[in-house]
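Engineer: Quick check, what structure comes out for this input:
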Amino acid sequence: MKQPITGSKVILRELRDGDAAFFAHWYNQPEVMFQCGFHEQTTLEAELAAIRKPEADRDWYAVTDLSGRLVGETGLLRMWPHWRCTDLTIIIPDPADQGKGYGACATRLMLNRAFSHHGMNRVSIGVVGLNTQALTFYKRLGFKQEGIQEQGYFHNGRFSDFIMMRILESEFNRKEYINV
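Structural biologist: Down below sits the predicted model:
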C-alpha cells in the first residue's frame, strides 16, 4: 500500500474503486476527451479495470484537495529506469477545479518523486498543440518544448500538432518544491 503524498494544496493517494465513477463521468466529456487525446468514450467497468491494473511500469495516484475530495489523477508512466526517463500525466478534468493550484502542486510533487524516489533524469509530456492553456501551464512549471509532431493529433475532423515537452533533473529547483 502506497503512503499518501501531501502538498500545500493536494494529497496524492492510491486510486480506489470508488474513484471510477468520477473518471467515467469526466473522461466522457468532449473537452476532456479532446485535451487528453481520448478517441472513444469510457465506461465505469473500463475505469475500474484501469484502477485495478498492476503497476509494472507506472506510478499512479488520485489527486484530492486537502479535504480529500477527488479532483483528478496523475502519474508516471513508461518508466525506463536504465535510461532514467519517464513520462508524466496529470488530469484535473473539472473546469471548476482548474486554476486553483491543484495541477501545479500535483505536478511538482510528481516531479520531485520522479527525480528523488525513482532516480529519473528526464520527465517528458506530450501536449496537443491546440491546448494552449496546457502548453502555458507546463512552460510555467519549467518544461521546455523539444519537438513537434506536425499534424500528429486528429480530433473532430481536424489535425493539430502534438508538442513534446520535457524537464531535466538539473532544471528542477528542489528548493522551490520543498513546500509544494
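Engineer: State the helix or strand in which Thr89 lies.
Structural biologist: Per DSSP states H and E: Thr89 is located in strand 85-91.
Engineer: Give me the contacts around that strand.
Structural biologist: Residues external to strand 85-91 that are found in contact with it (CB atoms under 8 Å, 6 or more residues apart in numbering): 32, 36, 63, 72-80, 103, 106-107, 110-111, 114, 118, 120-126. C-beta here means a position set from N, CA and C on the backbone, and glycine is covered the same way.
Engineer: same thing with stretch 47-64?
Structural biologist: By CB under 8 Å, 6+ apart, the residues outside stretch 47-64 that reach it are 2, 5, 10-17, 19-21, 23-24, 27, 70-79, 90, 92, 102, 106, 110, 113, 118.
Engineer: For the buried ones among those residues, write the corresponding PyMOL selection.
Structural biologist: PyMOL command restricting the contacts of stretch 47-64 to the buried ones, with burial defined by 16 or more other CB atoms under 10 Å:
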select buried, resi 5+10+11+12+13+15+19+20+23+24+27+70+71+72+73+74+75+76+79+90+92+102+106+110+113
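Engineer: would Gly75 count as being in a helix?
Structural biologist: No - counting by DSSP: H, G, I helix; E, B strand; the rest coil, Gly75 is not part of a helix but strand.
Engineer: What residues are bridge-paired with it?
Structural biologist: Under the criterion DSSP bridges, Gly75 forms beta bridges with Trp60, Thr89.
Engineer: One more: Lys144?
Structural biologist: Arg166.
Engineer: wouldn't it be in contact with Ile167 here?
Structural biologist: Yes - judged on CB atoms under 8 Å, Lys144 makes contact with Ile167 at a distance of 7.0 Å.
Engineer: Comparing those two, which shows the higher neighbour count?
Structural biologist: Ile167 (21 against 12; other CB atoms under 10 Å).
Engineer: same question for the strand holding Thr89, mean pLDDT?
Structural biologist: If you average the pLDDT over strand 85-91, you get 96.
Engineer: So for the helix or strand following that strand, mean pLDDT?
Structural biologist: For strand 85-91, the following helix or strand on the C-terminal side (DSSP H and E) is helix 102-112. Average pLDDT, helix 102-112: 96.
Engineer: helices and strands around helix 102-112, which ones?
Structural biologist: Packing contacts for helix 102-112, counted by 3 or more CB pairs under 8 Å, 6 or more residues apart in numbering; DSSP states H and E, involve strand 10-13, strand 59-65, strand 70-80, strand 85-91, helix 132-140, helix 174-177.
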